[in-house]
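K.L.:
Sharing a sequence plus its predicted fold:
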Amino acid sequence: MPEIGVVAAACHVRETKVSANTIEFSTDGIDTTEGLICIKIPSSPKTVTVDASPLAADAQDYRDGLLRIRLTNQPDPRRVTVSW
(Lines give C-alpha, C1' and ligand atoms only; values in the text may rest on other atoms or scores of the structure.)
Protein backbone atom coordinates (compact mmCIF):
# COMPACT_ATOMS: atom_id res chain seq x y z
CA MET A 1 0.00 0.00 0.00
CA PRO A 2 1.42 3.45 -0.80
CA GLU A 3 2.57 5.65 2.08
CA ILE A 4 0.42 8.52 0.75
CA GLY A 5 -2.07 8.23 -2.09
CA VAL A 6 -5.47 7.21 -3.39
CA VAL A 7 -5.94 3.50 -2.64
CA ALA A 8 -9.51 3.03 -3.92
CA ALA A 9 -12.16 5.10 -5.68
CA ALA A 10 -15.69 4.84 -7.04
CA CYS A 11 -14.89 7.50 -9.65
CA HIS A 12 -12.05 8.44 -12.00
CA VAL A 13 -9.02 9.94 -10.23
CA ARG A 14 -6.41 11.68 -12.39
CA GLU A 15 -3.49 14.09 -12.22
CA THR A 16 -2.47 13.20 -8.66
CA LYS A 17 0.20 15.39 -7.06
CA VAL A 18 1.66 14.67 -3.62
CA SER A 19 3.81 17.06 -1.56
CA ALA A 20 5.03 16.99 2.05
CA ASN A 21 1.59 17.69 3.57
CA THR A 22 -0.86 17.82 0.64
CA ILE A 23 -2.39 15.57 -1.99
CA GLU A 24 -4.27 16.99 -4.97
CA PHE A 25 -6.12 15.25 -7.79
CA SER A 26 -8.93 15.67 -10.31
CA THR A 27 -12.02 13.49 -10.12
CA ASP A 28 -15.02 12.86 -12.35
CA GLY A 29 -17.59 10.11 -12.79
CA ILE A 30 -20.97 9.09 -14.08
CA ASP A 31 -23.38 11.95 -13.39
CA THR A 32 -25.33 11.77 -10.09
CA THR A 33 -23.80 8.45 -8.95
CA GLU A 34 -22.28 8.18 -5.49
CA GLY A 35 -18.52 8.64 -5.43
CA LEU A 36 -16.19 7.43 -2.70
CA ILE A 37 -12.45 8.08 -2.55
CA CYS A 38 -10.17 6.37 -0.02
CA ILE A 39 -6.86 8.15 0.55
CA LYS A 40 -3.99 6.96 2.71
CA ILE A 41 -2.51 9.93 4.59
CA PRO A 42 -0.27 10.04 7.68
CA SER A 43 -2.60 12.02 9.97
CA SER A 44 -6.05 13.54 10.24
CA PRO A 45 -6.74 16.15 7.55
CA LYS A 46 -6.67 19.85 8.41
CA THR A 47 -8.58 20.81 5.26
CA VAL A 48 -10.40 19.04 2.44
CA THR A 49 -11.59 21.14 -0.49
CA VAL A 50 -13.37 20.45 -3.77
CA ASP A 51 -12.77 23.16 -6.35
CA ALA A 52 -11.45 25.39 -3.53
CA SER A 53 -14.66 25.05 -1.45
CA PRO A 54 -14.53 23.22 1.91
CA LEU A 55 -15.99 19.71 1.90
CA ALA A 56 -18.74 19.24 4.52
CA ALA A 57 -17.64 17.44 7.67
CA ASP A 58 -20.30 14.74 7.18
CA ALA A 59 -18.85 13.94 3.72
CA GLN A 60 -15.47 12.89 5.12
CA ASP A 61 -14.23 10.39 7.66
CA TYR A 62 -10.67 9.69 8.83
CA ARG A 63 -9.67 6.61 10.82
CA ASP A 64 -6.95 3.99 10.78
CA GLY A 65 -4.82 6.10 8.40
CA LEU A 66 -7.51 6.31 5.70
CA LEU A 67 -9.51 9.35 4.70
CA ARG A 68 -12.83 8.52 3.07
CA ILE A 69 -14.43 11.25 0.97
CA ARG A 70 -18.02 10.91 -0.23
CA LEU A 71 -19.37 13.06 -3.03
CA THR A 72 -21.85 12.93 -5.89
CA ASN A 73 -20.05 12.24 -9.14
CA GLN A 74 -20.35 14.55 -12.12
CA PRO A 75 -18.88 14.28 -15.61
CA ASP A 76 -16.90 17.53 -15.39
CA PRO A 77 -13.59 17.21 -13.51
CA ARG A 78 -13.28 18.76 -10.06
CA ARG A 79 -10.05 19.40 -8.17
CA VAL A 80 -9.77 17.85 -4.71
CA THR A 81 -7.09 19.05 -2.28
CA VAL A 82 -6.36 17.44 1.09
CA SER A 83 -3.89 18.98 3.56
CA TRP A 84 -2.76 17.47 6.85
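P.N.:
Happy to help now that I have it.

K.L.:
what residue ranges in this structure score low on pLDDT?
P.N.:
1-2 (pLDDT under 70).

K.L.:
where exactly do the strands run in it?
P.N.:
Listed in chain order, the strands of the chain (DSSP state E) span 5-9, 12-18, 22-28, 34-40, 47-50, 53-54, 60-63, 66-72, 78-83.

K.L.:
Adding mean neighbour count, write the ones you listed out as a markdown table.
P.N.:
C-betas here are computed from N, CA, C, even on glycine. Shown next, in a markdown table, are the strands of the chain (neighbours: other C-beta atoms under 10 Å):
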| stretch | mean neighbour count |
| --- | --- |
| strand 5-9 | 15 |
| strand 12-18 | 13 |
| strand 22-28 | 18 |
| strand 34-40 | 18 |
| strand 47-50 | 16 |
| strand 53-54 | 10 |
| strand 60-63 | 14 |
| strand 66-72 | 17 |
| strand 78-83 | 18 |
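
K.L.:
Residue 60 pairs with what?
P.N.:
In this entry, residue 60 is beta-bridged to residue 69, by DSSP bridges.

K.L.:
Am I right that it is in contact with residue 46?
P.N.:
No. Applying C-beta atoms under 8 Å, one finds residue 60 not in contact with residue 46, separated by 11.8 Å.

K.L.:
Does residue 38 touch residue 67 like I think?
P.N.:
Yes. Counting by C-beta under 8 Å, residue 38 does reach residue 67; the two are 7.3 Å apart.
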